[in-house]
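Engineer: Structure for the following, please:
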Amino acid sequence: MATLPDNANEMFWSKDGNLWSHGRYGKEVTDYMGWIDVALTMQGRVNEINDFVERVRKEGFDRVILAGMGGSSLATYVLDQCLSSKEGLPLLVLDSTDPATILRIEKDGPIGKALVIISTKSGSTAEPNAFCDYLLAKIDKVKGASTGGNFVAITDPGSPFESRASELEFQKIFLNFPDIGGRYSALSYFGLVPAALMGIDLNKLLEPAVQIMDANGPGRKTDQCPAFELGIELGEHCLAGRNKLTFILPESLKSVGLWMEQLVAESTGKEGKGILPVAGEEIAPASHYGHDRVFAYIREGHDKNHLLDTQISALRDAGQPVIDCILNDRYDIGGEFMKWEIATAIAGAVIGINPFDQPNVQESKDITKRYVQMLEDKGSLPPETANCKDDSIEIFGGSGNTLEANFENFFGKVKPGDYICLQAYLTESPKLDGALSKLQAHLRDKFKVACTCGFGPRFLHSTGQFHKGGPNTGHFVQLTQSDEVDVKVPKTKYTFGAFRNAQARGDKDALLTHNRRVIRFELGSDVMGGVDKLDHLAKSK
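Structural biologist: You can find the predicted model right below:
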């Protein structure tokens, strides 16, 4: 087992990069540790944010659209699902290039009364820039010269988007802290500005985070620091082969899993190592799990979750390690943000990786850019040849002459300790969510391995780093669709549907570059029917 220096606590709080991999990373780590005390900093910025919210209310805005990807949007999504208040403005997170999803925006109400937050750390991420162009064009038709007054930017100082927002006379530009990476930014402007607009009490959200800082603060040994102990436990389990961290969450906290996924996967999944977070997977009997799991059971202490409690007890009795996380109330989510950020960083020190970079995310972006350039130059992507068509489903990258044969040949390579990853480049809906959840559980039960599920392109800025940089144990299933309606990306020659397809192609190429196993099922226009067919195969004996 890896061990940490005796003065690990002191090194952490002094932002000493030598804590990670015996000094191998140094400044590369130190330059991204601004998050460790941002809760204290932001306590001094609460009035600034609240004054801005009051001004927005007086100007008559009736809803908020937050356009961002990954760390710029996931914390907001969690806070919206768990803490938004009726006194606040309704908020929609736009983090999908799916055209049907984008078209829903105008159906929610008059676009001219929407406050749009463009949330982008680097200022150069393709999706937020495309969202910005689209929403600018829509609001310009209503507001004309005053369009910029409907827009707010959250970005890093000196980013390309800072200057663009200034030129377009955005109502407000919040400059975040450049020493905080996206997935560690929940308690910075990226998370707190939209939280305040939703009516969330920022002081109540920050206080539990400050309490976690105090409980793990300088001068303590690591065995006196709960967040450090959690990180060491996760890291040691990973080194011992238990590298599938499975989150068990009641329905009321289910969205927390999306934020946890990015934090853990993008931080630890690199150099062939890492912890795979598994969120959204229905809990199963203990016999369905191998010896590669660790379970994190997160719930509110006052909630009665009798069924989950019983199921968790059975896992403990079977010898599965279970981590308990009990929240006093929903505002303790602020403390969970801080605790898991510390724990993930410490787990990275135990595993021996840099928890603050994401080299394979950029790699996938670069490959996607080449496909987007093809769209711009030629108007379409190079054709792909399906190896099989079965009714309405086309299959790419498999082997066999039928859907059943392709299914059996692809999943026949799954071994104990591997995982299956469903990558849904589809229009998200409650009905589809339910169907994919069933497919996820049935694949888990059939092959006795962890199964994850994510919507594209969201996961590209989240678990995508682990897929390419983590252990080569994944079996990747792309699910794509044809679009009945599409939307042009302003200032380009292509549509959002084509952009989404370019992202899927780019990610497939990146996976293949790292010798990952990938198959694509093109479901056409009958998405539910296609998922049902795959689910039938997954349920068969």
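Engineer: any idea how far residue 298 is from residue 333?
Structural biologist: Using C-beta to C-beta, to the nearest Å, one gets 10 Å for the distance from residue 333 to residue 298. Placement of C-beta: from N, CA and C, glycine included.
Engineer: okay, and the common contacts of those two?
Structural biologist: When C-beta atoms under 8 Å, 6 or more residues apart in numbering defines a contact, the residues bordering residue 333 and residue 298 alike are 256, 327.
Engineer: ok, these two, which is more surrounded?
Structural biologist: Summary of the neighbour comparison: residue 333 and residue 298, criterion other C-beta atoms under 10 Å, with residue 333 having more neighbours (25 against 21).
Engineer: where does this structure dip in pLDDT?
Structural biologist: Scanning the chain for pLDDT under 70 picks out the ranges 1-2, 22-23, 25-26, 541.
Engineer: Try it again at 80.
Structural biologist: Segments of the chain classed as low confidence (criterion: pLDDT under 80) are 1-3, 21-28, 145, 361-362, 364-365, 541.
Engineer: Can you show me the strands along the stretch 401-541 of the chain?
Structural biologist: Counting by DSSP state E, counting those that start in this stretch, the stretch 401-541 of the chain has strands at residues 419-425, 450-455, 474-480, 517-522.
Engineer: how about the ones you listed in a markdown table, adding mean neighbour count and distance to residue 6?
Structural biologist: Rendered in a markdown table, the data for these read as follows (neighbours: other C-beta atoms under 10 Å; distance: least, C-beta to C-beta, whole Å):
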| stretch | mean neighbour count | distance to residue 6 |
| --- | --- | --- |
| strand 419-425 | 25 | 36 |
| strand 450-455 | 24 | 35 |
| strand 474-480 | 23 | 37 |
| strand 517-522 | 22 | 43 |
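Engineer: Out of the ones you listed, which is closest to residue 271?
Structural biologist: strand 474-480 (15.5 Å; C-beta to C-beta).
Engineer: For residue 183, which three-state class applies?
Structural biologist: Counting by DSSP: H, G, I helix; E, B strand; the rest coil, the backbone at residue 183 sits in helix.
Engineer: again, but for residue 287
Structural biologist: Following three-state DSSP, residue 287 is assigned to helix.
Engineer: mind checking how far it is from residue 426?
Structural biologist: Taking C-beta to C-beta as the measure, residue 287 falls 32 Å from residue 426.
Engineer: Looking only at neighbour counts, state which of the two leads.
Structural biologist: The neighbour count for residue 287 versus residue 426, taken as other C-beta under 10 Å, is higher for residue 426 (23 against 9).
Engineer: gap between that one and residue 448?
Structural biologist: Between residue 426 and residue 448 the distance, using C-beta to C-beta, works out to 26 Å.
Engineer: Kindly report the same for residue 323.
Structural biologist: When C-beta to C-beta is the yardstick, residue 323 and residue 448 sit 22 Å from each other.
Engineer: which stretches of the stretch 301-450 of the chain form helices?
Structural biologist: Listed in chain order, the helices of the stretch 301-450 of the chain (DSSP state H, counting those that start in this stretch) span residues 306-317, 333-351, 359-378, 403-411, 430-447.
Engineer: Next, the angle from the last one to strand 419-425.
Structural biologist: Between helix 430-447 and strand 419-425, the angle comes out at 160 degrees (axes from the mean of the first three to the mean of the last three C-alpha atoms, to 10 degrees).
Engineer: wait, residue 312 sits on residue 297?
Structural biologist: Yes: judged on C-beta atoms under 8 Å, residue 312 makes contact with residue 297 at a distance of 5.2 Å.
Engineer: Show me which of those two is the more surrounded one.
Structural biologist: In this view residue 312 and residue 297 are compared by other C-beta under 10 Å, and residue 297 has more residues nearby, 22 against 19.
Engineer: List the contacts of that one.
Structural biologist: With contacts taken as C-beta under 8 Å, 6+ apart, residue 297 has the following neighbours: 248, 308, 312, 322, 323, 324, 325.
Engineer: what do you get if the cut-off is 7 Å, keeping everything else the same?
Structural biologist: 248, 312, 322, 323, 324, 325 (C-beta atoms under 7 Å, 6 or more residues apart in numbering).
Engineer: which residues touch the helix or strand encompassing residue 161?
Structural biologist: Using DSSP states H and E, residue 161 sits in helix 160-167. For helix 160-167, contacts defined as C-beta under 7 Å, 6+ apart pick out 118, 120, 123, 124, 153, 155, 173, 175.
Engineer: in it, what's buried?
Structural biologist: Residues of helix 160-167 classed as buried under the neighbour-count rule (16 or more other C-beta atoms under 10 Å) are 161, 162, 164, 165.
Engineer: Could you look up the next helix or strand downstream of it?
Structural biologist: Along the chain past helix 160-167, the next helix or strand (assigned with DSSP H and E) turns out to be strand 172-175.
Engineer: picking up where we left off before, for the contacts of residue 297, which one is nearest residue 477?
Structural biologist: Out of the contacts of residue 297, the member with the shortest distance to residue 477 (by C-beta to C-beta) is residue 248, at 23.6 Å.
Engineer: Could you pull up phi and psi at the closest one?
Structural biologist: Here the main-chain torsion angles of residue 248 (degrees, to the nearest 10) amount to phi -110, psi 120.
Engineer: I'd say it and residue 309 touch.
Structural biologist: No: no contact is recorded between residue 248 and residue 309 when judged using C-beta atoms under 7 Å, the distance being 10.2 Å.
Engineer: between these two, who's got more neighbours?
Structural biologist: Between residue 248 and residue 309, counted using other C-beta under 10 Å, residue 248 has the larger neighbour count: 24 against 12.
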